[in-house]
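K.L.:
Sequence plus predicted model, see below.
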Amino acid sequence: MLHLVRHASAGDRHAWRGDDHARPLDSAGHAQAEAIASALAAAPVRRILSSPSVRCIQTIEPLAAKLGLDIETSAELAEGADGWRTEALLERLCGVAGDSVLCSHGDVIPEVLWRLSYRGVEVNPTRCKKASIWELHVRDGAVSHGIYWSPRSLGARVEGLT
C-alpha cells in the first residue's frame with residue numbers, strides 16, 4: 001500500500017518571509033502531524049519519502065520517529081515536480097514489499113490522482129486537504145483503488161485502530 005500524505009498546516013504562504021521551501025509547520029500543523037503519525041503507526045511501513053520542503057519533512061517526522069525509520073527526500077515529491085516523474089516513482093514503489101509513505105504538496109498529489117483516474121483507478125482527484133492521506137491500494141504491481149482520509153476522519157481512524 002502507498003500512503004500519499006499532503007503536508008500539514010504551515011500558515012499563510014504570503015505572510016512567510018524567506019524561501020518558501022523553509023516554511024515550517026504552524027502549531028495546528030504539528031498537531032496534524034501527530035494525528036497522521038497515530039493513523040499510520042500500525043501500518044507495515046518500510047519506507048518514508050518526502051518532498052525536500054521543511055513543512056513536508058516536519059509532517060512525517062513524528063511517524064518516522066515512532067517507526068524508527070529515516071526520511072528519504074525526493075525531488076519527485078517537491079512542489080512543482082513533473083507529474084510524469086512523480087507517477088514513475090509511485091509505479092516503482094508499487095513493486096516494493098511493505099507500505100511506503102510519501103509526503104507532498106497540493107499541486108503534486110492532485111496531479112498524481114488525475115493520472116490514476118485517467119487510467120481507470122477509483123480516486124477523486126479533487127479531494128486533497130492539508131494533512132489528508134490517500135491510501136492507495138496496490139494489486140498486481142499497480143494501484144487498484146484509493147481511499148481518502150480527510151484530516152477530520154483521521155481521528156476516527158485512530159480510534160478504530162485502538
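P.N.:
Nice, I can see it.
K.L.:
tell me which element L89 falls in.
P.N.:
For L89, the host element (DSSP states H and E) is helix 83-94.
K.L.:
what comes up buried for that helix?
P.N.:
Across helix 83-94, burial judged by 16 or more other C-beta atoms under 10 Å covers 86-87, 89-90, 93-94. (Glycine included, C-beta is placed from N, CA and C.)
K.L.:
after that helix comes which helix or strand?
P.N.:
Moving toward the C-terminus from helix 83-94, the first helix or strand encountered (DSSP H and E) is strand 99-104.
K.L.:
elements contacting that next one?
P.N.:
Applying 3 or more C-beta pairs under 8 Å, 6 or more residues apart in numbering; DSSP states H and E, we find strand 99-104 packed against strand 2-6, strand 45-50, helix 54-67, helix 83-94.
K.L.:
out of the ones you listed, nearest to D19?
P.N.:
Closest of these to D19 is helix 54-67, at 9.3 Å (criterion: C-beta to C-beta).
K.L.:
Please export the C-alpha coordinates of the closest one as CSV.
P.N.:
In CSV, the C-alpha atoms belonging to helix 54-67 read as follows (Å, rounded to 0.1, in the frame of the first residue of the first chain):
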residue,chain,number,x,y,z
VAL,A,54,10.6,21.7,5.6
ARG,A,55,6.8,21.5,6.0
CYS,A,56,6.6,18.1,4.4
ILE,A,57,9.5,16.7,6.4
GLN,A,58,8.0,18.0,9.6
THR,A,59,4.7,16.5,8.7
ILE,A,60,6.1,13.0,8.7
GLU,A,61,8.9,13.3,11.4
PRO,A,62,6.6,12.1,14.2
LEU,A,63,5.8,8.9,12.1
ALA,A,64,9.4,8.3,11.3
ALA,A,65,10.3,8.7,15.0
LYS,A,66,7.6,6.2,16.0
LEU,A,67,8.7,3.7,13.5
